[in-house]
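A.B. asks: how does the following fold in three dimensions:
(4 chains)
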2 protein chains.
Amino acid sequence: MSPRTLDADAFDQRENDILECALNFISQEGIAALTMDKLVKALPYSKGTVYNHFSGKEDLLLALCNRGMKILAEMFDRAATFDGIPRERALCMFFAYMLYAKLSPTQFMLVLTAKTDSVTEKASVARQNEHLELEGRLIKPAVEIFASAQERGELNPPIPLTLQQITFICWSQSFGTNALLNADTDRCSARQGMLIEEETMNGMHILLDGLNFSPRSDQHDWSALIERIKTDIFQTEIQQLAQMGVVLAI
Amino acid sequence: MSPRTLDADAFDQRENDILECALNFISQEGIAALTMDKLVKALPYSKGTVYNHFSGKEDLLLALCNRGMKILAEMFDRAATFDGIPRERALCMFFAYMLYAKLSPTQFMLVLTAKTDSVTEKASVARQNEHLELEGRLIKPAVEIFASAQERGELNPPIPLTLQQITFICWSQSFGTNALLNADTDRCSARQGMLIEEETMNGMHILLDGLNFSPRSDQHDWSALIERIKTDIFQTEIQQLAQMGVVLAI
DNA sequence: TGCTATAAATGACGATTCGTCAAAAATAGT
DNA sequence: ACTATTTTTGACGAATCGTCATTTATAGCA
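C.D. replies: Residues are numbered from 1 along each chain as shown, chains lettered A, B, ... in the order given. Sure thing, here's the model as predicted:
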């Protein structure tokens, strides 16, 4: 009556295979060079199967972006567990964002692509909802850090702001810095000599000082904090960067 | 011996026609729907002629982005002439950025597209150099404002920063806010209820306070400043927004 | 072990899109 | 009117997209 073949996790596994293959391709050849035909050729599956997972190229790109955001969410969760005062935890979180941008530049740049109309217009609704949910999940630990700071009286913005607004402002800063500095930097005079790791920290300190988030940037040993973050929380990521030949400037 | 037909400004005029047509198309149908074939059909020129101006679709998009940046540069120049203290002029400038993003959302979003690899990889080198030069031109008046503030002793960052770094930090903040809030906002909980005009100003005040850029946010009548900016400098733009049915929340 | 009903995978196909280039049209001097 | 040269044209081939009729694989059943 009902004999059939269903896949349980095999489906997810295969979806991951496809995404992994697409990421490899993009990393080597660039987004522009990725076509569904070429991707299929590099895959042990057929075109129909790929289209069974993704409604099209844009949907696949957004899925890849979301996959990266899950990794980032995990890093954020880890940052939230950092054993320190709220301002230290906040810095740890945005340090994680910068680390992700350096570690997976291709996937980070997909966030830009995802915010582009071309994708917004063609990716599947389900995938876009997933993207928005992930944004919410990313924001959450940050809001909690600011909340705990507020409870402890360590956060006193000069103008009335909700926790969401405070989080959003920091997110904007961090996003902007990563987006602008992840692109080729040498040729633009305005960005010449800027390092993503330094400017992320500079921007954050200025912002947190502006929020009256104590202790202020000149009342604490922040370089010691960076060292602790690097060894205690993100040792794995630092090692991965080292394997890529990247050494942080801070 | 040498009889021929050359175009002087007619060439530029036609290039502008093409861009205008492309912008109309994108505004109505979206970037994804724009194809060279359709664009040519909507144009009194042939495909070869269009390709005589632009090396391809990406090149055209970047040209459109650059065209918008020229308008923005003009707005920045106007902002720099604002008769006020440095912090007022700085706010005026980033107010202009926000205004541009609201006034020409399509063109603002093209900046994101322009930073995407697909474009970076396919647009012509000349167009990309133009883009970088325009970025430099945009930054310049901002640097000068911070320089004058520094001379007057009104700018005392808690950590040592060059004028370029200070400018970059503010640019990042502004760029991030505009980019994140220009996209559809309702569905993401993290951005719910956020207004681009409010958050731009909030972010800027926090940042400038963090830079010890006097007078601080709570030591001056900034709402009066906004009114002056709206009537004295950007009256035209405010009217254009009004015609679009948009009224600023501030 | 066959047999069957259904799910899943396949890849050939038509429709678009891109960018090119040989041919046609336009132009200014003679 | 003729000519040398620039400019425009749009038909073309290659590449890409997404679909869908067909084929293959599988699980239960006799």
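A.B. asks: ok, the helix or strand harbouring A:Ile145 near DNA strand D or not?
C.D. replies: A:Ile145 belongs to helix A:125-151 when assigned by DSSP states H and E. No: contact of helix A:125-151 with DNA strand D (Cβ under 7 Å from any atom of the strand) is absent, the minimum separation being 13.3 Å. C-beta here means a position set from N, CA and C on the backbone, and glycine is covered the same way.
A.B. asks: give the buried residues for the helix or strand of chain A with the lowest mean pLDDT.
C.D. replies: None of the helices or strands of chain A scores lower by mean pLDDT, DSSP states H and E than helix A:117-122, at a mean of 80. For helix A:117-122, the neighbour count (16 or more other Cβ atoms under 10 Å in any protein chain shown) marks A:Asp117, A:Ser118, A:Val119, A:Thr120, A:Lys122 as buried.
A.B. asks: next: stretch A:126-145.
C.D. replies: Those would be A:127-128, A:130-132, A:134-143, A:145, for stretch A:126-145 by 16+ other Cβ under 10 Å.
A.B. asks: tell me the average confidence for it?
C.D. replies: The average pLDDT within stretch A:126-145 is 95.
A.B. asks: host element of the residue positioned nearest the centre of chain A?
C.D. replies: Nearest to the mean C-alpha position of chain A, by Cα atoms, centre = their mean, lies A:Leu72 at 4.8 Å. Per DSSP H and E, A:Leu72 falls inside helix A:57-80.
A.B. asks: close to DNA strand D, is that helix?
C.D. replies: Yes: under the criterion of Cβ under 7 Å from any atom of the strand, helix A:57-80 makes contact with DNA strand D via A:Lys57, A:Glu58.
A.B. asks: off-centre distance for whichever helix or strand comes after that helix?
C.D. replies: Moving toward the C-terminus from helix A:57-80, the next helix or strand (DSSP H and E) is helix A:86-103. Distance of helix A:86-103 from the chain centroid (Cα atoms, centre = their mean, to the nearest Å) equals 10 Å.
A.B. asks: quick check: angle from the very next helix or strand once past helix A:86-103 to helix B:105-115?
C.D. replies: Remark: after helix A:86-103, the chain's next helix or strand is helix A:105-115, criterion DSSP H and E. Counting by axes from the mean of the first three to the mean of the last three Cα atoms, to 10 degrees, helix A:105-115 lies at 160 degrees to helix B:105-115.
A.B. asks: what helix or strand is the residue of chain A found nearest DNA strand C on?
C.D. replies: Going by Cβ to the nearest atom of the strand, DNA strand C is nearest to A:Gly48 of chain A, at 1.8 Å. Here A:Gly48 sits within helix A:47-53, counting by DSSP H and E.
A.B. asks: same for that helix, what does it pack against?
C.D. replies: Other helices and strands packing on helix A:47-53, by 3 or more Cβ pairs under 8 Å, 6 or more residues apart in numbering or on different chains; DSSP states H and E, are helix A:9-29, helix A:36-41.
A.B. asks: by mean pLDDT, show me the worst of those helices.
C.D. replies: helix A:9-29 (a mean of 92).
A.B. asks: touching DNA strand D at all, that helix?
C.D. replies: No: counting by Cβ under 7 Å from any atom of the strand, DNA strand D is not contacted by helix A:9-29; separation bottoms out at 10.2 Å.
A.B. asks: keeping just the C-alphas, turn that helix into CSV.
C.D. replies: These are the backbone C-alpha positions of helix A:9-29, laid out as CSV (Å, rounded to 0.1, in the frame of the first residue of the first chain):
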residue,chain,number,x,y,z
ASP,A,9,19.1,13.0,8.3
ALA,A,10,20.6,11.9,5.0
PHE,A,11,18.7,14.8,3.4
ASP,A,12,20.4,17.3,5.7
GLN,A,13,23.7,15.6,5.2
ARG,A,14,23.4,15.9,1.4
GLU,A,15,22.3,19.5,1.7
ASN,A,16,25.4,20.1,3.7
ASP,A,17,27.5,18.4,1.0
ILE,A,18,26.1,20.6,-1.6
LEU,A,19,26.7,23.7,0.4
GLU,A,20,30.2,22.6,1.2
CYS,A,21,31.0,22.1,-2.4
ALA,A,22,29.5,25.5,-3.3
LEU,A,23,31.6,27.2,-0.7
ASN,A,24,34.8,25.6,-2.0
PHE,A,25,33.9,26.7,-5.5
ILE,A,26,33.2,30.2,-4.4
SER,A,27,36.3,30.5,-2.3
GLN,A,28,38.4,29.5,-5.3
GLU,A,29,36.6,30.9,-8.3
